[in-house]
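[1] output the structure for:
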Amino acid sequence: MKPDQADPKNQIIAIDKILADQQKAEQLEKDYQAFMKEGDDLKNIKDYTAAIDRYTKALALKPGDSAATQKINDIKKIQEEEQKQAQLEQQYKDYMAKVISTSMQKIIPMQNVLSKKRMS
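    Now for the predicted structure:
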């Protein structure tokens, strides 16, 4: 062996490490893609909590990933809008219940008056 040549065993070890790192990176990408797809599927069926969970797991594999971050933010906006809509619907129901109650309070006495007039 020449003095300037690396030991073949060390070269094999280095190559094995490169291959292992490459396989690890490929698996990480597969896992990331799987979490993103699961998140998309869950978002499509409006299971927002589970979708955020999957996007968060994807983000853990790729910290700072803009796609996962954007999808989480999009879902949070949807949830906020749905919450506002639910509040508006509840306010409407409450208002209508009050209107109906007030109307009934006016109608019942009028019916009593009409009934008494018919009897007389």
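[2] quick test: name the residue nearest the centre of the protein.
    Nearest residue to the geometric centre of the chain (C-alpha atoms, centre = their mean): Tyr48, 2.9 Å.
[3] how about the contacts made by the closest residue to it other than its chain neighbours?
    Counting by C-beta to C-beta, 6 or more residues apart in numbering, Tyr48 lies nearest to Ile75, which is 5.0 Å off, once chain neighbours are set aside. C-betas here are computed from N, CA, C, even on glycine. If you count contacts by C-beta atoms under 8 Å, 6 or more residues apart in numbering, Ile75 has them with Lys43, Tyr48, Ala51, Ile52, Tyr55.
[4] mind checking which helix or strand of this structure has the lowest mean pLDDT?
    Using mean pLDDT, DSSP states H and E, helix 66-119 stands out as the lowest-scoring helix or strand of the chain, at a mean of 84.
[5] farthest-apart pair in the contacts of Ile75, please.
    Tyr48 and Tyr55 (10.3 Å; C-beta to C-beta).
[6] which residues are in contact with stretch 24-40?
    With C-beta under 8 Å, 6+ apart as the criterion, stretch 24-40 contacts 51-55, 57-58, 61-62, 65, 67-68, 71.
[7] so which bits of it are buried?
    By neighbour count on 16 or more other C-beta atoms under 10 Å, the buried set for stretch 24-40 is Tyr32, Phe35, Met36, Glu38, Gly39.
[8] next one: stretch 84-101
    Result for stretch 84-101 [16+ other C-beta under 10 Å]: no buried residues.
[9] what about Leu61, how many neighbours?
    18 (other C-beta atoms under 10 Å).
[10] in strands only, show me the buried residues of stretch 24-40.
    Judged by DSSP state E, strands contain none of the buried residues of stretch 24-40.
[11] Throw the residues you listed into TSV and include distance to Ser101, thanks.
    Converted to TSV, these look like this (distance: C-beta to C-beta, whole Å):
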residue	distance to Ser101
Tyr32	56
Phe35	51
Met36	51
Glu38	48
Gly39	45
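[12] just put those in TSV and tack on distance to Asp94 and pLDDT.
    Formatted as TSV, the buried residues of stretch 24-40 follow (distance: C-beta to C-beta, whole Å; pLDDT from 0 to 100):
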residue	distance to Asp94	pLDDT
Tyr32	46	97
Phe35	41	98
Met36	41	98
Glu38	39	98
Gly39	36	98
